[in-house]
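[1] Need a 3D model of the following:
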Amino acid sequence: MEKILLEFIATLDHTLKKQQTAGFSQLTFSQFQYVDAIATLGEPTVSEVAARLGFSKASATAAINKLTALGFVSKTQSEVDKRVFYVDLTESGRRLVEARARTIQAYVDFVVSALTEDEIRQFEAILGKLVARFK
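    Numbering: from 1, shown residues only. Got it, this is the predicted structure:
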């Protein structure tokens with residue numbers, strides 16, 4: 001079981017990195033979480049991103065500053081409250097989100113093409129159970 005699980009994870013990781021544009025592979029999983037949260041929330045505040053991910057505001061600030069330095073995120077200070085910063089994806093950040101979505105879809109298509117309808121339902125149920133257990 002361990003061997004096949006490691007192979008599955010390795011192939012998924014390899015597929016994601018191969019499909020993504022150069023420079024994107026430098027991001028950690030946690031940084032991808034921030035990018036995904038910002039994309040989902042629109043133009044959130046740092047506090048909203050922290051709350052969405054369940055991290056402290058200080059951790060979110062540090063991560064967002066790093067993503068800003070890497071060119072994936074931009075920050076804008078609120079005109080109304082100078083303590084508040086809004087974050088948004090840069091063009092590179094948007095391309096990252098699009099490339100990741102295409103890669104995930106390609107992997108889903110691959111898995112679906114390899115399984116029967118019954119196996120797909122079983123696979124989804126098993127993955128759902130595992131995800132729920134991790135939470």
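[2] Which of the three states applies to the residue lying farthest from the centre of the chain?
    In the chain, the residue that sits farthest from the middle, by Cα atoms, centre = their mean, is residue 80; the gap is 30.5 Å. With DSSP: H, G, I helix; E, B strand; the rest coil as the basis, residue 80 sits in coil.
[3] Might you report the residue contacts of residue 114?
    By Cβ atoms under 8 Å, 6 or more residues apart in numbering, the contact set of residue 114 is empty. (Each C-beta comes from the backbone N, C-alpha and C, glycine too.)
[4] Repeat that for residue 57.
    46, 47, 50.
[5] For ChimeraX, write a command that selects the buried ones of those residues.
    To isolate the buried ones among the contacts of residue 57 in ChimeraX, judged by 16 or more other Cβ atoms under 10 Å, type:
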select :46,50
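[6] Could I get the buried residue list for stretch 49-59?
    So stretch 49-59, judged by 16+ other Cβ under 10 Å, has buried residues 49, 50, 52, 53, 55.
[7] Wasn't residue 8 part of a helix?
    Yes. According to three-state DSSP, residue 8 belongs to a helix.
[8] of all the contacts of residue 57, which comes closest to residue 37?
    Within the contacts of residue 57, the smallest distance to residue 37 is 9.1 Å, found for residue 50 (Cβ to Cβ).
[9] any idea which helix or strand carries the closest one?
    Per DSSP states H and E: residue 50 is located in helix 46-53.
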